[in-house]
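Peer 1: here's my sequence, what's the structure:
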Amino acid sequence: FKPASRRIRVNVKSQILNKQLEWATAAGLNPDQRGYLNSYESNLFQTLSPQSKLAFDQGSGAELRDRPNGPAKMRALHSSSALAVNFFDAWVDADTKPLMEIFDLEAQPINVRFEGKYPTGLPGNPPNLDVIFELQNGLVVGIESKFTEWLSPKPASNPPFKEKYFPAGIGVWENVGLSETQRLAEELQSKELIFRHLDAPQLMKHALGIATHCGSKFRLLYVYFDALGQEGDAHRNEIEIFTDRLKSELGFRAFSYQELIGKLQGSFGIPNEYLGYLRARYG
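Peer 2: All right, here's what the predicted structure looks like:
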């Protein structure tokens with residue numbers, strides 16, 4: 001017998017994955033039982049732009065290349081990177097005004113790119129930001145994207161950060177002007193506050209890296225695939241807490257993919273093929 005919360009999580013995640021399988025089958029893509037397609041290309045709305053392909057080829061996530069222990073990650077119907085590519089890659093060489101409008105950003109980007117790398121100066125490899133907007137006004141907007149990852153709650157017993165983030169006598173976030181982020185990191189590390197669904201530590205590591213390189217000229221956004229149910233409520237509640245704490249310091253805002261797709265439907269000049277693909281698969 002499994003606890004009710006466990007049953008709900010499996011059901012919600014299964015429903016999302018089953019919808020992806022149904023979509024792929026209807027499109028004649030012949031997914032395997034695990035939800036992987038024959039190639040990552042067949043998992044995308046359009047051919048990956050050369051700039052974006054280079055970014056993933058140079059990345060450390062094995063997104064495009066099959067591995068000895070499994071297929072390329074972007075071959076999976078549940079791939080978070082495929083979701084981000086299907087939404088954002090169409091804008092790499094297009095008029096980005098509608099995209100900036102749905103994110104409430106005033107300046108236009110000079111670049112839309114994937115796999116942003118912003119080392120923190122600490123040992124080890126920093127996490128890659130999924131999408132970066134480099135705006136004409138000098139602002140850098142980092143986007144962390146999630147599909148179903150948040151439906152797997154993180155164990156409350158595990159420390160959210162490695163000890164390297166808390167060197168003796170040094171506040172690594174405070175050193176780059178992020179004093180409130182420093183306080184929140186300390187609350188998480190001491191278990192005074194616990195996030196089970198929102199990967200707050202990952203977002204705060206991104207903030208540390210991007211602030212190290214950009215000073216205060218950045219914003220951090222979170223874009224996620226939403227779902228109904230108990231765990232969807234918990235996820236949104238954690239997003240609200242995080243936003244309340246760090247919106248002013250990080251320019252933090254969160255958007256669901258469903259919300260963004262809905263906003264695009266009201267924009268002028270969006271290709272029907274692109275919108276239809278997003279609605280059919282992720283709407």
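Peer 1: now the strands: where do they sit in the protein?
Peer 2: 109-116, 129-135, 140-146, 218-224, 253-256 (DSSP state E).
Peer 1: can those strands go into TSV with extra columns for mean pLDDT?
Peer 2: TSV is the format used below for those (pLDDT from 0 to 100):
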stretch	mean pLDDT
strand 109-116	93
strand 129-135	96
strand 140-146	97
strand 218-224	98
strand 253-256	98
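Peer 1: and Glu22, how many neighbours does it have?
Peer 2: As a burial measure, Glu22 scores 12 neighbours (other C-beta atoms under 10 Å). Every residue, glycine included, has its C-beta placed from N, CA and C.
Peer 1: let me know whether Asn38 touches Asn30 as I believe.
Peer 2: Yes: proximity of Asn38 to Asn30 meets the contact threshold set by C-beta atoms under 8 Å, at 7.0 Å.
Peer 1: neighbour count: these two, which is higher?
Peer 2: Taking neighbours as other C-beta under 10 Å, Asn38 and Asn30 compare with Asn38 leading, 13 against 10.
Peer 1: okay, buried residues for stretch 63-70 please.
Peer 2: Judged by neighbour count using 16 or more other C-beta atoms under 10 Å, the buried positions of stretch 63-70 are 63-64.
Peer 1: can you give me the end-to-end span of that stretch?
Peer 2: Distance across stretch 63-70, first residue to last, is 11 Å (C-alpha to C-alpha, to the nearest Å).
Peer 1: how about residues contacting it?
Peer 2: By C-beta atoms under 8 Å, 6 or more residues apart in numbering, the residues outside stretch 63-70 that reach it are 40, 53, 56-57, 72-74, 79, 81.
Peer 1: centroid residue for the protein?
Peer 2: Closest residue to the average C-alpha location of the chain: Ser145 at 1.1 Å, with C-alpha atoms, centre = their mean.
Peer 1: isn't it right up against Ala84?
Peer 2: Yes: counting by C-beta under 8 Å, Ser145 touches Ala84, with 4.1 Å between them.
Peer 1: quick one: common contacting residues for the two?
Peer 2: Counting by C-beta under 8 Å, 6+ apart, the residues touching both Ser145 and Ala84 are 130-131, 223.
Peer 1: and the residues you listed as JSON lines, adding distance to Leu264 and neighbour count?
Peer 2: Formatted as JSON lines, the shared contacts of Ser145 and Ala84 follow (distance: C-beta to C-beta, whole Å; neighbours: other C-beta atoms under 10 Å):
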{"residue": "Asp130", "distance to Leu264": "18", "neighbour count": "22"}
{"residue": "Val131", "distance to Leu264": "16", "neighbour count": "23"}
{"residue": "Val223", "distance to Leu264": "13", "neighbour count": "22"}
